[in-house]
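>>> Using only what follows, build the 3D model:
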Amino acid sequence: MDSGNIPVLSVNEDTIPKAYEKAIKEVWEKGASIRTEYDRADDPASRDATVVITVRQPFGQPRFHRSFADGLGGLAEYVMEVVHGAHDYWVKPLEEILKGTESKDTRWTYTYHGRLFEYRVEDEVIDQIVLMIERLSKTGYTRRAQAITWNPKLDPPTDDPPCLQRIWGRLCEDREGGYIFNMNTHWRSRDLFKAWFENVVALTTLMRKIAEEISQRISKPVRMGRYVDISDSLHIYGSYFREIEGDPEKGIKSFFEKIESRPFEERTWNSNFVKPYFIDDGVGKGLRPMLKREGEMPERIREAIEEELRMMEKDDYVV
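Here you go, the predicted model:
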């Protein structure tokens with residue numbers, strides 16, 4: 001790596017877990033040492049790179065890696081947050097957001113769902129995902145089907161602006177009279193070790209929803225194509241180094257030793273195993289507990305998640 005340059009890395013794998021493991025290895029071995037605005041005084045500098053990750057089969061099995069920050073029930077709730085807006089009602093009022101760091105309101109300043117499905121331009125609310133679907137349904141090869149999250153008025157003053165910046169999609173004709181939907185996501189910043197995997201599960205679920213809606217509108221099959229994930233800064237925080245490196249004195253293996261010592265099947269789960277935990281993980285998380293727990297959830301969002309739960313309970317549904 002040239003001194004002073006952030007490396008540009010590329011990862012190309014069939015499935016999400018394989019891409020996850022490869023990306024961690026690439027950034028750990030080749031990333032630049034760069035400090036972050038979240039570092040504590042004694043944290044090492046992060047490992048950081050600009051990274052393009054291609055997942056050729058977003059729903060290829062096994063789809064889930066066992067090493068991620070949350071439990072499976074919590075991951076299910078996060079997917080509902082991104083796809084259906086389960087926690088849009090947690091966002092603080094506009095007047096508080098505009099105060100920036102001076103606001104005492106600790107609620108969120110955005111959700112991805114809110115920015116994608118209800119982007120606000122003055123008094124107008126724009127459903128960008130519907131606009132993507134409409135444009136692709138009319139002209140599948142368009143290069144203009146995209147949705148953004150960044151709000152130049154709201155985001156620069158905050159301490160926690162959106163990481164996801166843009167979604168872009170395009171259809172390609174297949175050889176059977178149908179189409180293949182390809183989708184890219186662009187991120188300004190990304191926590192590789194403890195956020196990337198969950199982000200990708202949620203965004204590929206949204207990808208499938210978009211493909212299904214286009215298929216219904218054009219009355220032709222639309223299959224899932226490759227998912228491409230582009231991060232300006234994909235990083236491993238210095239505070240995670242102990243987890244990555246392990247602790248030989250205490251007999252704790254490093255992340256890479258765990259990978260090398262266990263078969264791939266023991267490092268991953270397929271969708272059939274995960275689905276019951278998405279419904280109810282037995283410790284208070286999952287779709288059923290969330291619907292029971294969150295009594296203030298708006299009715300239209302509750303109905304969407306209830307429908308998702310009904311679909312998930314079918315044998316052929318893949319999470």
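
>>> Contact partners for Lys18?
Residues near Lys18 by CB atoms under 8 Å, 6 or more residues apart in numbering: Phe264. To be clear about C-beta, it is placed using only N, CA and C from the backbone, and glycine gets the same treatment.

>>> err, Ala86, not the other one
For Ala86, the contact set (CB under 8 Å, 6+ apart) comprises 77, 80, 113, 290, 294, 297, 301, 305.

>>> Look at Tyr38 and say how many residues are nearby.
When neighbours are defined as other CB atoms under 10 Å, Tyr38 has 13 of them.

>>> same check, this time on Leu154
So Leu154, with other CB under 10 Å, has 18 neighbours.

>>> Give me the spatial nearest neighbour of it, chain neighbours excluded.
Nearest residue to Leu154, sequence neighbours excluded (CB to CB, 6 or more residues apart in numbering): Ile97, at 5.4 Å.

>>> For the one you found, what are phi and psi?
Phi and psi for Ile97, reported as degrees, to the nearest 10, are phi -60, psi -40.

>>> just to revisit the earlier point, can you put the contacts of Ala86 in CSV and add neighbour count, pLDDT and distance to Arg170?
Below are the contacts of Ala86 laid out as CSV (neighbours: other CB atoms under 10 Å; pLDDT from 0 to 100; distance: CB to CB, whole Å):
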residue, neighbour count, pLDDT, distance to Arg170
Glu77, 22, 98, 30
Met80, 26, 98, 27
His113, 22, 98, 22
Met290, 23, 98, 33
Glu294, 17, 97, 36
Met297, 20, 97, 34
Ile301, 19, 98, 29
Ile305, 23, 98, 29
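
>>> Just list the residues touching the residue nearest to Leu154, thanks.
Residues counted as contacts of Ile97 (CB under 8 Å, 6+ apart) are 91, 103, 109, 154, 158.

>>> The fourth one and Thr109 touch, don't they?
Yes - the pair formed by Leu154 and Thr109 meets the contact definition of CB atoms under 8 Å, at 6.8 Å.

>>> Next one: Tyr237 relative to Lys209, how far apart?
Separation of Tyr237 from Lys209 (CB to CB, to the nearest Å): 31 Å.

>>> ditto for Met312
Per CB to CB, Met312 is found 13 Å from Lys209.

>>> ok, those two, which is more surrounded?
Comparing Met312 with Lys209 by neighbour count (other CB under 10 Å), the higher total belongs to Met312, at 19 against 15.

>>> List the residues that contact the more buried one.
Applying CB under 8 Å, 6+ apart, we find Met312 in contact with 275, 278-279, 287, 319.

>>> out of these, which are inside strands?
Counting by DSSP state E, the contacts of Met312 place none of their members in strands.

>>> which among the residues you listed gets closest to Gly73?
Closest approach to Gly73 among these (CB to CB): Phe278, at 7.1 Å.
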